[in-house]
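1. here you go, sequence then predicted model.
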There are 2 protein chains.
Amino acid sequence: MSKATIKDVARQAGVSLKTVSRVINNEPTVRTETREKVQEAINNLGYQPDMAARNLRGATSYAVGLVYDNPNPYYVVDIQQGVLKCCRELGYGLQIHPCDAASPQLIDELADLVLHSRLAGLVLAPPISENDDIVQALADRGIHVVRIVSGAEAPGGPAPAVHVNDRAAAYALTDHLVQLGHRRIAFLSGEEEHRSTPERRAGYEAALRAHGLPVDPALILPGRYTFDSGFNRTQALLAGTDRPTAIFGCNDEIAAGALAATRANGMTVPGDLSIAGFEDSPFSRQSSPPLTTAAQKTEAIARQAMLRLIGAMRPHTTEDMGAGPEADVFVPNLIVRPSTGPVTSR
Amino acid sequence: MSKATIKDVARQAGVSLKTVSRVINNEPTVRTETREKVQEAINNLGYQPDMAARNLRGATSYAVGLVYDNPNPYYVVDIQQGVLKCCRELGYGLQIHPCDAASPQLIDELADLVLHSRLAGLVLAPPISENDDIVQALADRGIHVVRIVSGAEAPGGPAPAVHVNDRAAAYALTDHLVQLGHRRIAFLSGEEEHRSTPERRAGYEAALRAHGLPVDPALILPGRYTFDSGFNRTQALLAGTDRPTAIFGCNDEIAAGALAATRANGMTVPGDLSIAGFEDSPFSRQSSPPLTTAAQKTEAIARQAMLRLIGAMRPHTTEDMGAGPEADVFVPNLIVRPSTGPVTSR
DNA sequence: AATAGACTAGACAACGTTGTCATAATCAAT
DNA sequence: ATTGATTATGACAACGTTGTCTAGTCTATT
């Protein structure tokens, strides 16, 4: 009924409490023979260390926090899943912490969280992870942090980071559109606070330039990562004189909005207009036609972030679990679906 | 830098550790004067009890688990939010636990979770909450549980429950369609494991009967809570001879699929066909036209569930926070949007 | 005025683990 | 064989809190 403790294991293995503790924590100074004896007792009793006691005693703790303020539940759930799985592998607890990125007390709030929940560190998801002030302030307070950020490579900032190369993926997606013959491709931005926006835009511009095409500022529209934002901007575009032949929505919701506006205008996709999104959310799969998009492996990214966080604090814990630094950069995959097609002559 | 402990509070207030503990836990046997003195010291030092120590010592613990296996991230995030907020109010920790409802080891897995994470209890979300075998097995093992279930009233089962009266809401939605003149209304079911499916269907049938309309089995189609399921069944319906004039999708994803299929068939909504969904997810708001649906207050439901769980264990903790038993039944609200309209003569 | 009962408060141990320090066992080199 | 260094193990305290038990202080009743 009741759970086995380290004491039970020690008794069964015929060793002291401390020796069992050493085996559990993979400390080197245990004879192989002893280690095996203890391991057997552990397996035998189905022993698992008690988090509460562990956290209480040590300078070290076995729980991390996941901090996010992301409007996209699909993303949030994926990130949670990835971090949680990794926590279970490593024997860590997870404290989720949705919050308000704009709150002026956010830093204090997070510092409090770490203190009171005895967290070993924090995994920061975008856009909070991309706010250097916050990350720096946390680092200054001695809080271990890992960031999930949009960007091609390690900026060597105040904290370890896992990177999503949105730029390269946006380049590939734009290239795909150009290959289809599109010359006037509108870019519907998301919030500038999300670094993914300027990154994706940079990839879009780079691809145009690589093909010797002009970057027309009139086709690059500011906005938000929402359906409505995509809808409204597309209506404005279509009402204008020099219409684009393709639209690159900075995420799938924007693209879904663009799709709805296009159809509301009596136009067909991709016949009259090609539309592409980003993120491979269900919106992109369930619209008609399904949207061309770029898929990021959110769960794997979250897992890698977790490994980096723990690895920074206890290198031996995560040995052989995550590969070297090259594993820290993820490039979303282009997924071509029917919403993009060859440009048609008017 | 370091956090204040009960010791610091005791010293500042000039009382013993135990007295501070009594104040924190709202135990009755403390003189008002003493209580105030202690409270002042607590506020002064910004003291918050340490979860790890609390959980370690007592027979009682201050953390709960949230168990779910729900394919809908919008729902999951809302539930999390509601439970988490309530946890913070009550000073509880939250352990999220996504899992596989079909796993044969689920019961052991949950029992282990409770034991090893020292959880005071579990909040069960649908569909796991609606599996009586699981709930009963957990109750038999002495695990405190609260269920969020679809159904009109307390069944007096093995565990306290919060109810979502899908039946009444489905009745209202169906009534709305009938009022618009619809006589042939198809019902696209979700998974039968989710009790919401038979409940909503019961409401649909009851409304038809109340208006003296026949319940045609050919119009009640089994299926799943997915876009594709809605799409395919609608195509089949529209290919048939005796078409319905309205479709009631058991959730918004089904309805969105139905909408896509309808348009793929060259028909207009609501002109040729009215479509209604359920749940008020973003799908219903962002489709064109937006879908008539029924909105459940998921966050409030989650909060109430949490209150019931804690209330069952420590009645005095939740006094005055949640109202009486009548607060345990929630009826989703009908939201009328453009996807439903008066039936047109053919 | 004495005393039972209720109320209030404190001393102390205990929860399960790890950090510190001491000690025992082993080994290499003289 | 003895020393010295190294490795392997154990005894004990401590983390911050609450449960148990005891003792002191009131109030009410006789």
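-> Received the coordinates, thanks. Numbers count the residues shown, from 1 in each chain, chains lettered A, B, ... in the order given.
2. in the lowest-mean-pLDDT helix or strand in chain A, what counts as buried?
-> Scoring the helices and strands of chain A by mean pLDDT, DSSP states H and E places helix A:282-286 at the bottom, with a mean of 84. For helix A:282-286, a neighbour-count test (16 or more other C-beta atoms under 10 Å in any protein chain shown) marks A:282-284, A:286 as buried. C-betas here are computed from N, CA, C, even on glycine.
3. quick one: distance of that helix to the chain centre.
-> In terms of C-alpha atoms, centre = their mean, to the nearest Å, the gap separating the centre of helix A:282-286 from the centre of its chain is 19 Å.
4. residues making contact with it?
-> A:74, A:252-253, A:255-256, A:277, A:290-293, A:335, A:337, B:227, B:253, B:256-257, B:260, B:283, B:286 (C-beta atoms under 8 Å, 6 or more residues apart in numbering or on different chains).
5. so which of the residues you listed are in helices?
-> Of the contacts of helix A:282-286, the ones assigned to helices by DSSP state H are A:74, A:252-253, A:255-256, B:227, B:253, B:256-257, B:260, B:283, B:286.
6. which among the residues you listed gets closest to residue A:342?
-> Nearest to residue A:342 out of the ones in helices among the contacts of helix A:282-286 is residue A:255 (C-beta to C-beta; 18.7 Å).
7. run a quick neighbour tally on the residue of the stretch 151-300 of chain A found nearest DNA strand D.
-> The nearest approach of the stretch 151-300 of chain A to DNA strand D comes at residue A:159, 26.2 Å away (C-beta to the nearest atom of the strand). Residues within reach of residue A:159, counting by other C-beta atoms under 10 Å in any protein chain shown, total 22.
8. my read: residue A:246 touches residue A:262, true?
-> No - counting by C-beta atoms under 8 Å, residue A:246 stays clear of residue A:262, with 11.0 Å between them.
9. low-confidence ranges, the stretch 151-300 of chain A, go.
-> Flagging of the stretch 151-300 of chain A using pLDDT under 70 yields the residue ranges A:154-156.
10. what ranges do the strands span in it?
-> A:161-164, A:185-188, A:220-221, A:246-249, A:274-276, A:293-295 (DSSP state E, counting those that start in this stretch).
11. just name the most buried of those.
-> strand A:246-249 (a mean of 32; mean count of other C-beta atoms under 10 Å in any protein chain shown).
12. so what strands line up beside that one?
-> When sheet partners are counted by DSSP bridges, strand A:246-249 sits next to strand A:185-188 (parallel), strand A:274-276 (parallel).
13. a markdown table for the ones you listed, including distance to DNA strand C?
-> Output for these, formatted as a markdown table (distance: least, C-beta to the nearest atom of the strand, whole Å):
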| stretch | distance to DNA strand C |
| --- | --- |
| strand A:185-188 | 51 |
| strand A:274-276 | 50 |
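14. adding distance to residue B:86, write the ones you listed out as a markdown table.
-> Below are the strands paired with strand A:246-249 laid out as a markdown table (distance: least, C-beta to C-beta, whole Å):
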| stretch | distance to residue B:86 |
| --- | --- |
| strand A:185-188 | 38 |
| strand A:274-276 | 41 |
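15. which stretch among those comes nearest residue B:108?
-> Between these, strand A:274-276 lies closest to residue B:108; by C-beta to C-beta that is 46.3 Å.
16. ok, residues contacting that closest one?
-> Taking C-beta under 8 Å, 6+ apart as the rule, strand A:274-276 contacts A:173, A:176-177, A:180, A:182, A:245-249, A:255, A:258-259, A:262, A:269, A:291-293, A:339-341, A:343.
17. between the strands of the stretch 151-300 of chain A, which one is nearest to residue B:44?
-> Judged by C-beta to C-beta, the one of those that comes nearest to residue B:44 is strand A:161-164, at 39.2 Å.
18. go through the strands paired with strand A:246-249 and name the closest to residue B:42.
-> strand A:185-188 (51.5 Å).
19. enumerate the residues of the stretch 151-300 of chain A near chain B.
-> Counting by C-beta under 8 Å from any C-beta of the partner chain, the positions of the stretch 151-300 of chain A adjacent to chain B are A:227, A:253, A:256-257, A:260, A:263-264, A:282-283, A:285-288.
20. any idea which of the residues you listed is closest to residue A:103?
-> residue A:253 (24.1 Å).
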